[in-house]
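A.B. asks: Would you be able to build a 3D model of this:
(2 chains)
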Amino acid sequence: MITSMKRSLQSSKTWYRSMLAGNPKMEYGAYELISTAYGTGSSGTITFSSIPSTYKHLQIRLTNKNTNNAYDVLYLRFNGDSATNYSYHTLYGSGTSVASSSGSSTTFARLTGGNGTVDGYTASVVDVLDYGNTSKNTTVRVLDGYSGASPRIFIQSGAWRNTAAVTSISITDSDSNFTTASRFSLYGIKG
Amino acid sequence: MGTPTYTPLANITLGSSAASVTFSSISQAYRDLVLVIDCSTASVAATIVLRLNGDTGSNYNLVSALGDGSSATSSSSASVTGVTVGQGASGRRNLQINFLDYSATDKHKSLVSRHSAAATAVDMRAGRWASTSTVTSVLIYPTASSTFDAGSTFCLYGIAA
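C.D. replies: This next block holds a predicted model:
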């Protein structure tokens, strides 16, 4: 039980003697929105930079489509690294069969790009785990897909072979630009 | 500092069996919805289907990939009357369904989901409701004239962007 609180020299702070009803509820979120970006129609890259180091994990939630109205792969990269320091595996359904693909020593971790369906956007949930830990490489897990022309549902794994803390993330369409209705949101998860 | 989000919007625990569950008057203050379901159904043949905004028309499309322990298969459906988010299964199962950009009016509504039924199969799906309307209600129901068992839980969360 809090019995006293000395007022800070900062007059802008509000101190409460108790947390009983009547005082505004104080909410501590474990899941926080860091930043949201939208496609511009003239660029195929979205970058989140100066990512705070105060979270344990990151999550990116995005819906995307490209201006070519075609199926593309998205390149996920960390800290501006476009060298062959990535690998990935995919397991996916095409509507007729299940298949898998992989890449080792690639220049990107893989996300699913836009599809050819008008008004149809690819939905992706991307988890970047323990991104600030400098004792391990960064790993990624993805659930994404779209339903429309040549539909696809993917689970994907990715790795960035670098123990540096992640400070920036870029997502690049392999072939064209993101539409203005494409949305990319970065969240931090405390741990 | 980030903005706290991932807000619980509704939490339903069935006190008795039910033929369906509906979340209505969904707040438009968020950008994504996450629906987390832990349930069982009276019939093991029952798939779990969802519809949006009460739309019973042939306005849904989906693709799935499923593994049942002996084989992996994929299927797709176009212009159907609902999105199947869970295969028929015995015992308890859980689903997490992500609706991205549910409150946007410039695109069809997309979802990705995972369904886990340890006694039967694991599957993942992508779905699309061919409407640019915002999502204001979500209906979930089991097929095969089945019901959700008592104790099944359905939790809806909103995520801001």
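A.B. asks: burial measure for residue 130, as a count.
C.D. replies: In the absence of a named chain, chain A is used. Per other Cβ atoms under 10 Å in any protein chain shown, the neighbour tally for A:Asp130 reads 18. In this view, the C-beta of every residue, glycine as well, is placed from N, C-alpha and C.
A.B. asks: actually chain B
C.D. replies: Each residue near B:Ala130 was counted by other Cβ under 10 Å, and the total is 20.
A.B. asks: Name the strands paired with the helix or strand containing B:Val112 and say parallel or antiparallel.
C.D. replies: Assigned by DSSP states H and E, B:Val112 belongs to strand B:109-117. In the sheet, strand B:109-117 lines up against strand B:93-100 (antiparallel), strand B:121-129 (antiparallel) (DSSP bridges).
A.B. asks: okay if I get those strands as CSV plus mean neighbour count and mean pLDDT?
C.D. replies: Below are those laid out as CSV (neighbours: other Cβ atoms under 10 Å in any protein chain shown; pLDDT from 0 to 100):
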stretch, mean neighbour count, mean pLDDT
strand B:93-100, 23, 97
strand B:121-129, 26, 96
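A.B. asks: out of the ones you listed, nearest to A:Leu91?
C.D. replies: Each of the strands paired with strand B:109-117 has some distance to A:Leu91 by Cβ to Cβ; the shortest is strand B:121-129, at 8.6 Å.
A.B. asks: Beyond the closest one, next helix or strand please.
C.D. replies: Using DSSP H and E, the helix or strand that directly follows strand B:121-129 along the chain is strand B:138-142.
A.B. asks: Kindly calculate the angle that that next one makes with strand B:93-100.
C.D. replies: Using axes from the mean of the first three to the mean of the last three Cα atoms, to 10 degrees, the inter-axis angle of strand B:138-142 relative to strand B:93-100 is 150 degrees.
A.B. asks: Is strand B:138-142 positioned near chain A?
C.D. replies: No: Strand B:138-142 lies apart from chain A when judged by Cβ under 8 Å from any Cβ of the partner chain; the minimum separation is 15.6 Å.
A.B. asks: pLDDT of that strand, averaged?
C.D. replies: For strand B:138-142, mean pLDDT is 97.
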